[in-house]
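Asks: Let me see the structure of the following:
(chains A, B and C)
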Amino acid sequence: MSDNPIVWRIASVLFAALMVALWQLEANLELVSQIYLPGPDRTFHALVNGFHSGVLLQRTGLTVERMIYGWLIASLVGVLLGSMIGISSLARAYLHPFLEYLRPMPASAIIPVAIPILGLTDTMVLAVTSFAALWPTLLATIHGFGSVEPRLNEVSRILRLGRLEFIYKIALPNALPDIVAGMRLSLTYALILSVIGEMLSGRDGLGSWILFSARFYKAPDLFAGVVLLGFIGYVSALLVSGAERRLLRWRLKENRK
Amino acid sequence: MNQHAAPARVPAAPSSRVWRFPRGLVVPAALVVAAELSFILSGYQSDSLAPPSAVVVALVQGLANGEILLATGQTLVAAFGGLALGGLIGLIMGVARGMFWRVDQLLDVSTEALRPIPSSALIPVTILIFGFGFRLEIACVAFSCTWTVFILTRAAVAGIEPRLMEVARVLRLGMFARMLKIVLPAALPRIFVAFRLAAGLALIVAVTTEVAANPIGLGAQMMSASQSLRPALTIAYLVWIGFVGWSLNALLILLQHNVFGAAGATGASHER
Amino acid sequence: MSALASPRLEKQPVQNSAASSRLKAAAPGGETLISLSHVDVRLGGRPVLTDINLDIRRGEFLCIVGGSGCGKTTLLRTVAGLVQPSGGTVAVGGEPVLEPRQDVAVVFQDYGKALLPWRTAAGNVALALEAKGTPRALRHDIIQDLLAKVGLNGQGDKYPSELSGGMQQRLQIARCLAQSPAVLLMDEPFGALDAMTRQALQDEILELVAQDDATVFFVTHDLEEAVYLGDRVIGLAPNPGRVGIMLDVGLKRPRDQLTTREDTHFLRLRRQLFDFIKETEA
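Replies: As a prediction, this is how the structure comes out:
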């Protein structure tokens, strides 16, 4: 049996195709009622019809928009705030326990508090999404800026680097891997919370689409929506990985050793 | 710089120092005080927010009449049920795919196709299949926990000291013996960390499911309080959920240190 | 360490900034460059060094040895300005050292941690030039020159993680040289390297130092290395650290790994240090 990774990649794709074929077989035999588990063919048709009529495209666009806006706001605030806190050991000492306490908190728990204040509006969804997406980036940024190798601190003192120079040339590049990892997680949360927000507020988007489909027993539409959401998740993760590779070229060389 | 420092003096014993307010509490305490003051000054009029004093009252009342504890029990049952189910699946996958590179490669595309699906997207699916209740929540939690446990377990197994695997080969241990006697014990500290992180995730997904749809547990109670315009109770639940999450994590870390000691201190603690 | 101080150099490297030239304007040899006077250092409430009195001449290669816990690294860090003495004064070029200075370069033992992993080798050397304010136009040539000097010709585009341990240490040395330092402080720089690389770097350092007539403060736990490299060797006794023994090496230069190490005088000095260490560790 060949151990060529390319061969195994192809085998993996074929295996996935086999799984889909089995799924189709199961659907044809209706081992599980098609009400609950539609076959790939009906899911695919729902997808095609949805896009043909433009509805799915619009919904997808809205969800993606929400996700991106929430993510951008969260990233901006997270990096700015995180860098200020992370750089100062005093700020870290005062805030670290409090932030660690907040870390395990489900971000969705802010929703019942936000609804009476902001109503079932797009603003509420954006606020909640940004809030949830903020934490991974904020915490990661604080950690990244606060974990500069002491030796590099000393080198900086010896070379008499100014504060801004230190931040720009040493603290920031040092924090970048953490920041990017945090932003990747933030994007995941942004997507999850956008969907939740849409489901609760009824605002247009894939979240409300799949919820309504479930309510009206339109399983193929539901599964089509879920597939789309998975696709969005996949593509966004891919883009972040690509950006990471470009920004952190030196990391790759380290790992390859 | 003092060039003429006095000769060595014995530093004061810690117990003779005046007790200082812990730094970590300064900011939260200040926020609470500020919130209370702003309410007092504005005259307590709000349908959507409540002063800390009212929150404390609501929290105590809710605990006393059992409402909060009942909901906590429901959430925890669902969270742990999902953790057990998802953890088991993730563990099996992680060990199998960590030990056998070919199996790992073969399943890669299928896994990577399913993993990016956001956990919230599962909610309508489980509503359709299970209807509302515990099964819905357990299923959603299980789905999310599977990935965390799987990925970290696989890394733990793949990262086992190769020397140990050679020992297994030299002793001619069969696959199951190898797994039970070498692989699992060696990977156990990191597997525990995987479950600890998954436990935090389980709570989050459980509460999220409840907030979004499921009429049981803490999230649902929070939504109900919010909808009946009882902000003090809503925020009380928020504080309580935070407390539950924190103590669960603290408990598991304590357990980890006691059972594994320094050996268990792997896995980035800043990962969510 | 620019050409200014050394009349022996045939090729003139590109002139570095004049910032540290005050210390190098005087003629080489003879005068005191670094002076420690009744220096006491306490760390965490404990006395680590007591009553250290030391005068280091310009152009001298001074080695510091001692058993573990004798404070030799602390002594280096005090001269570097990273640690403040609790008593006495440290002066470089007549000025008291209150904080680190650009013209006192430090080569750390853990080279991996002292290099910027996100910059290439050239980028790491550039950091020192940027700190000095060297005009952009001149930087490239200076960097290439320094890299060649430490034997890293053509490696400028590699990241530190792509370099071996010995090469990373050379890179750190290059970065320190880019500071045009009046003094080079080296804290067990070859301790983390294998024996062959260590010997190669020992000879390279001797050559670099000879070219630029540098003043070196070299901390090591390797007694043979101390005698091989130094003009003078100072042994510290531990608990608390104080000067225990001072030896003039007096072996002729250039030194050679084989012949010098077999010289009877070398062996005698080595023995003296060995006995000293044994005594103080008892």
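Asks: Mind pulling the model confidence for the closest residue to A:Asn28 other than its chain neighbours?
Replies: Nearest residue to A:Asn28, sequence neighbours excluded (Cβ to Cβ, 6 or more residues apart in numbering or on different chains): A:Gly39, at 6.8 Å. Yep, even glycine has a C-beta here, placed from its N, CA and C like the rest. A:Gly39 carries a pLDDT value of 89.
Asks: Please apply the same query to the one 5 residues further on.
Replies: At A:Phe44, the predicted lDDT confidence score is 92.
Asks: Report the contact partners of it.
Replies: A:Phe44 sits next to A:Ala224 when contact means Cβ atoms under 8 Å, 6 or more residues apart in numbering or on different chains.
Asks: how close does it get to A:Val20?
Replies: As judged by Cβ to Cβ, to the nearest Å, A:Phe44 and A:Val20 stand 10 Å apart.
Asks: what do you get for C:Arg198?
Replies: For C:Arg198, the distance to A:Val20 (Cβ to Cβ) stands at 61 Å.
Asks: next one: C:Val183
Replies: For C:Val183, the distance to A:Val20 - Cβ to Cβ - is 71 Å.
Asks: before we move on, back to that, of C:Arg198 and A:Val20, give the one with the bigger neighbour count.
Replies: Ranked by neighbour count (other Cβ atoms under 10 Å in any protein chain shown), C:Arg198 and A:Val20 place C:Arg198 first, with 17 against 13.
Asks: tell me which residues of the helix or strand containing that one are tucked away?
Replies: Secondary structure from DSSP states H and E places C:Arg198 in helix C:195-212. Neighbour counts over helix C:195-212 (16 or more other Cβ atoms under 10 Å in any protein chain shown) mark C:197-202, C:204-206, C:208-212 as buried.
Asks: which one of these sits closest to chain A?
Replies: Within these, the smallest distance to chain A is 17.6 Å, found for C:Thr197 (Cβ to the nearest Cβ).
Asks: what's near enough to touch residue 117?
Replies: Since you didn't name a chain, this refers to chain A. A:Met124, B:Ser48, B:Leu49.
Asks: ah, no, chain C please
Replies: C:Pro117 touches A:Trp250, A:Arg251, A:Glu254, C:Tyr159, C:Pro160, C:Ser161, counting by Cβ under 8 Å, 6+ apart.
Asks: and with 6 Å instead?
Replies: Counting by Cβ atoms under 6 Å, 6 or more residues apart in numbering or on different chains, C:Pro117 touches A:Trp250, C:Pro160.
Asks: so what's the backbone phi/psi at it?
Replies: phi -70, psi -20 (degrees, to the nearest 10).
Asks: same deal with B:Ile151?
Replies: Dihedral pair for B:Ile151: phi -60, psi -40, per degrees, to the nearest 10.
Asks: Over to C:Pro181?
Replies: phi -80, psi 150.
Asks: One more: A:Leu161?
Replies: Main-chain torsions, A:Leu161, degrees, to the nearest 10: phi -70, psi 140.
Asks: And for B:Ile129?
Replies: According to degrees, to the nearest 10, B:Ile129 has phi -80, psi -50.
Asks: go on, C:Thr50?
Replies: Its backbone dihedrals place C:Thr50 at phi -130, psi 140, with angles given as degrees, to the nearest 10.
Asks: what separates it from chain B, distance-wise?
Replies: Distance of C:Thr50 to chain B, given as Cβ to the nearest Cβ, to the nearest Å: 10 Å.
Asks: cool, A:Glu244 as well?
Replies: Using Cβ to the nearest Cβ, A:Glu244 is found at 16 Å from chain B.
Asks: wait, what's in contact with that residue?
Replies: By Cβ under 6 Å, 6+ apart, the neighbours of A:Glu244 are A:Val180.
Asks: hang on, it is in a helix, isn't it?
Replies: Yes: with DSSP: H, G, I helix; E, B strand; the rest coil as the criterion, A:Glu244 is part of a helix.
Asks: And the residue nearest the centre of chain A?
Replies: Compute the mean C-alpha point of chain A, and by Cα atoms, centre = their mean the closest residue is A:Thr188, 1.6 Å away.
Asks: ok, C:Arg242 - how many residues close by?
Replies: Neighbour tally, C:Arg242, other Cβ under 10 Å: 19.
Asks: same question for stretch A:65-79, mean pLDDT?
Replies: Here the average pLDDT along stretch A:65-79 is 96.
Asks: And it, what's buried?
Replies: Counting neighbours by 16+ other Cβ under 10 Å, stretch A:65-79 gives A:Arg66, A:Met67, A:Ile68, A:Tyr69, A:Gly70, A:Trp71, A:Ile73, A:Ala74, A:Ser75, A:Val77, A:Gly78, A:Val79 as buried.
Asks: what do you get for stretch A:40-55?
Replies: By neighbour count on 16+ other Cβ under 10 Å, the buried set for stretch A:40-55 is A:Pro40, A:Arg42, A:Thr43, A:Ala46, A:Leu47, A:Gly50.
Asks: of these, closest to A:Arg160?
Replies: Distance to A:Arg160, by Cβ to Cβ, is smallest for A:Leu47 among the buried residues of stretch A:40-55, at 61.7 Å.
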